[in-house]
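Asks: Quick one: sequence plus predicted model below, questions after.
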Amino acid sequence: MKKSYILGVMLIISAIAVFISATKDMSTYANFDDAIQSGKTVKIAGTLVKDKEMVYDPAIDPNYFSFYMQDADGKEQKVILLKEKPQDFELSEQIVLTGKMEGEEFYASDMLL
């Protein structure tokens, strides 16, 4: 076989692998009830419940931040983010979380504001 054919086949295989890995993260948004039922990692969009407590004390644990969020259906849930509190978090209009339910709390692995 010619080297150009081998190179072309390798490029096609690489493109397919990139496409497959990109589609793993393409999921639809869920709500807290869906997260409870599925037990899988989901994305939830919602708003911050400003009248409930937010816990972040970097002197004790800089990678622990908890707060309450309300999803699109109006259900409030405690959220735990095992990362530092984002700057200007209280000013955000919408929050998108990636994570899953563990017991009565939603553990977020990623957050977009």
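Replies: The structure has been received and is ready for your questions. Note that this is a predicted model, so its numbers are computed, not measured. Residues are numbered from 1 along each chain as shown.

Asks: contacts, neighbours, all on C-alpha from now
Replies: OK.

Asks: list the contacts for D110?
Replies: Neighbouring residues of D110 by CA atoms under 8 Å, 6 or more residues apart in numbering: 81, 97-99.

Asks: so what's the closest residue in space to E53 that isn't next to it in sequence bridging to?
Replies: Leaving aside its sequence neighbours, E53 sits nearest to F67 (CA to CA, 6 or more residues apart in numbering; 6.3 Å). For F67, the beta-bridge partners are V79 (DSSP bridges).

Asks: Do I have it right that F67 meets L82?
Replies: No. Using CA atoms under 8 Å as the test, F67 is too far from L82 to be in contact (11.7 Å).

Asks: Which residue, other than its chain neighbours, is closest to L48?
Replies: M69 (4.6 Å).

Asks: in this structure, which spans are strands?
Replies: Assigned by DSSP state E, the strands in the chain fall at 29-30, 42-48, 65-71, 76-81, 95-102, 105-112.
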